[in-house]
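Novice: Give the three-dimensional model of this entry:
(2 chains)
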Amino acid sequence: MSSTAKKRFICRVVRLKLALVGEAAEPTGHVKNCPDCQAYFHTDILLENTLRHSAPAEKQPVPADLAATILRAVHQSTPPPRRSHVPAWTALAGATAVVALSFFATNRSVSMRPAPSQNQPPAELRPADIAKLVTNVDQLRLRLLNTVEPAAEKFTTENPLTQELQSARADARSALGFIALNFLPADSARRLESGPDSTHG
Amino acid sequence: MRLPPQAATGDPLPAPSAELSDDARLIADCLDGRMHAFDEIVHRHSPRVFNYLLHMTRHRQDAEDVTQQTFIKAYTHLARFDRSRSFIAWLLTIARRTALNHFRAAKHFDSVAEETAAVEAPPDQSLEKRDQFDTLWQQARRILSQREFDILWLRYAEDMSLEDTARIAGLTQTHTKIIAYRARQRLIKLSTPL
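Specialist: Okay, here's the model as predicted:
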């Protein structure tokens, strides 16, 4: 490799390196002793400044009615963007809390009855208790369907998390089904599963 | 190509901090339901978006259409905008992606054109003559690839930071620096023929 070629290779490497890491205020190292590189960097700075200063002349006048056209299209095509006052996670947390509370409330209503002593035979659920339990679970489900679900849907109508909410609803339904399956007799659970109307009918 | 000597002074462009805070206020107003705020956003930023798209598409009607689509998208997703960042950079990111999708759908845009250089200008007498009358940006338009030109435009015409330029172009900062460096080298070669 000739001396000139080697020098030019070094120049290229130094120029690329300085382009990547940024140039020092004062020339250092190779650049300090290389007039070619000094001239190159001088031209580079000149070029950058020329590009900056000549850019305004390159900008074209905007069509007079562009802003009006954009605004008309925007207002026609989309509802106004609104900040979500109640985030989706709040609605989900509310639904979860209702399910958890109902679970504990159901357990407490069963456990508040005097505990059977060891000498007594195990207590059996009376038909009145079962009916009451069915009514409670049914009321809870109706409350969930009538209050939490519409509210959550309202908050998430334009939210990309709608699918997550739907899966949470499915989870809540499964949880209610689980409660019914484990804490209610089979026929009552089946009746509950079949819908709110049939439980009253 | 001859660079004007007065350009060497390099007066800095005004700092965009006031613009940023104004944008944040307008966005907050818009999200609170005050619709006139978005009108002001459109009036303030549509010229920059339009000019960026005009240089990208080289077609006035396409630039108008894509500008319109850009603002519709921005309006729809305004609540998602991170107000700690530059709003114009966000708009130009949407604009660039919308333009690419627009041309991809219309099958007008060849992605290879982004990577490859424009036609190499031979040292032709007529071209040299044309260079004398072309502005620096017109020469850049002619000899640089689409991507190189976009990056120079964002860096020097739109005065974007390196970070914002890289984000808009969908590249890393190092890649952006290399492309800008190569583009400048090619322009310098015009001014210093070997």
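Novice: got a list of what A:Thr147 touches?
Specialist: Counting by C-beta atoms under 8 Å, 6 or more residues apart in numbering or on different chains, A:Thr147 touches no other residue. No exception for glycine: its C-beta is placed from N, CA and C like everyone else's.
Novice: nope, A:Ala175 is what I meant
Specialist: A:Val99, A:Phe103.
Novice: For it, which three-state class applies?
Specialist: Under DSSP: H, G, I helix; E, B strand; the rest coil, A:Ala175 falls in the helix class.
Novice: and it, how far is that from A:Glu164?
Specialist: Distance of A:Ala175 to A:Glu164, computed by C-beta to C-beta, to the nearest Å: 16 Å.
Novice: Mind listing residues that contact stretch B:157-177?
Specialist: For stretch B:157-177, contacts defined as C-beta under 8 Å, 6+ apart pick out A:19-20, A:51-52, A:55, A:58-59, B:13, B:16, B:48, B:51-52, B:86, B:88-89, B:92-93, B:96, B:137, B:147, B:150-151, B:154-155, B:179.
Novice: From those, which land in helices?
Specialist: Of those, the ones assigned to helices by DSSP state H are A:19-20, A:51-52, A:55, A:58, B:48, B:51-52, B:88-89, B:92-93, B:96, B:137, B:147, B:150-151, B:179.
Novice: What parts of chain A come near chain B?
Specialist: Within chain A, the positions lying close to chain B (C-beta under 8 Å from any C-beta of the partner chain) are A:15-16, A:19-20, A:40, A:43-55, A:57-60, A:62-63, A:66-67, A:69-71, A:73-75, A:77-78, A:80-84.
Novice: can you pull out the helices in chain A?
Specialist: Per DSSP H, chain A carries helices over the ranges A:3-21, A:29-33, A:35-58, A:66-77, A:88-111, A:127-143, A:149-155, A:162-183, A:186-193, A:196-200.
Novice: Of the ones you listed, which is nearest B:Ile188?
Specialist: For the helices of chain A, the distance to B:Ile188 is smallest for helix A:35-58, at 5.3 Å, taking C-beta to C-beta.
Novice: Can you mark which positions in that closest one are buried?
Specialist: A:37, A:40-41, A:43-44, A:46-55, A:58 (16 or more other C-beta atoms under 10 Å in any protein chain shown).
Novice: Quick check: of these, which lies closest to A:Asn182?
Specialist: Among the buried residues of helix A:35-58, A:Ala55 lies closest to A:Asn182 (C-beta to C-beta), at 71.9 Å.
Novice: Leaving out sequence neighbours, find the closest residue to the closest one.
Specialist: Take A:Ala55 and drop its neighbours on the chain: the residue closest to it by C-beta to C-beta, 6 or more residues apart in numbering or on different chains is B:Ala157, 3.5 Å away.
Novice: That neighbour and A:Ala175: what is the separation?
Specialist: B:Ala157 is 58 Å from A:Ala175, where distance means C-beta to C-beta.
Novice: And A:Asp138, by the same measure?
Specialist: Distance of A:Asp138 to A:Ala175, given as C-beta to C-beta: 15 Å.
Novice: swap in B:Ser21?
Specialist: Distance, B:Ser21 to A:Ala175, by C-beta to C-beta: 48 Å.
Novice: Okay, domains of chain A per the record?
Specialist: Split into domains by automatic domain parsing, chain A comes to A:3-52, A:88-110+A:125-200.
Novice: Those domains: lowest mean pLDDT?
Specialist: The weakest mean pLDDT among the domains of chain A belongs to domain A:88-110+A:125-200, with a mean of 71.
Novice: Flag the shaky bits of chain B, pLDDT-wise.
Specialist: B:1-20, B:106-133, B:191-194 (pLDDT under 70).
Novice: in it, which spans are helices?
Specialist: Taking DSSP H as the test, the helices found in chain B are B:17-31, B:36-57, B:60-76, B:87-106, B:111-115, B:125-133, B:136-143, B:146-152, B:162-169, B:173-191.
Novice: Now tabulate those helices in TSV and tack on mean neighbour count.
Specialist: Below are the helices of chain B laid out as TSV (neighbours: other C-beta atoms under 10 Å in any protein chain shown):
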stretch	mean neighbour count
helix B:17-31	16
helix B:36-57	20
helix B:60-76	21
helix B:87-106	19
helix B:111-115	11
helix B:125-133	11
helix B:136-143	20
helix B:146-152	22
helix B:162-169	20
helix B:173-191	18
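Novice: Which one, of those helices, ends up nearest to A:Pro185?
Specialist: A:Pro185 lies closest to helix B:60-76 among the helices of chain B, at 51.7 Å (C-beta to C-beta).
Novice: hmm, who's touching the closest one?
Specialist: Contact with helix B:60-76 is made by A:60, A:63, A:66, A:69-70, A:73-74, A:77-78, A:81, B:38, B:41-42, B:46, B:49-50, B:53-54, B:56-57, B:81, B:90-91, B:94-95, B:98-99, B:102, as judged by C-beta under 8 Å, 6+ apart.
Novice: hmm, 6 Å instead?
Specialist: Residues from elsewhere that reach helix B:60-76, judged by C-beta atoms under 6 Å, 6 or more residues apart in numbering or on different chains: A:70, A:73-74, A:77-78, B:42, B:49-50, B:53-54, B:57, B:91, B:94-95, B:98-99, B:102.
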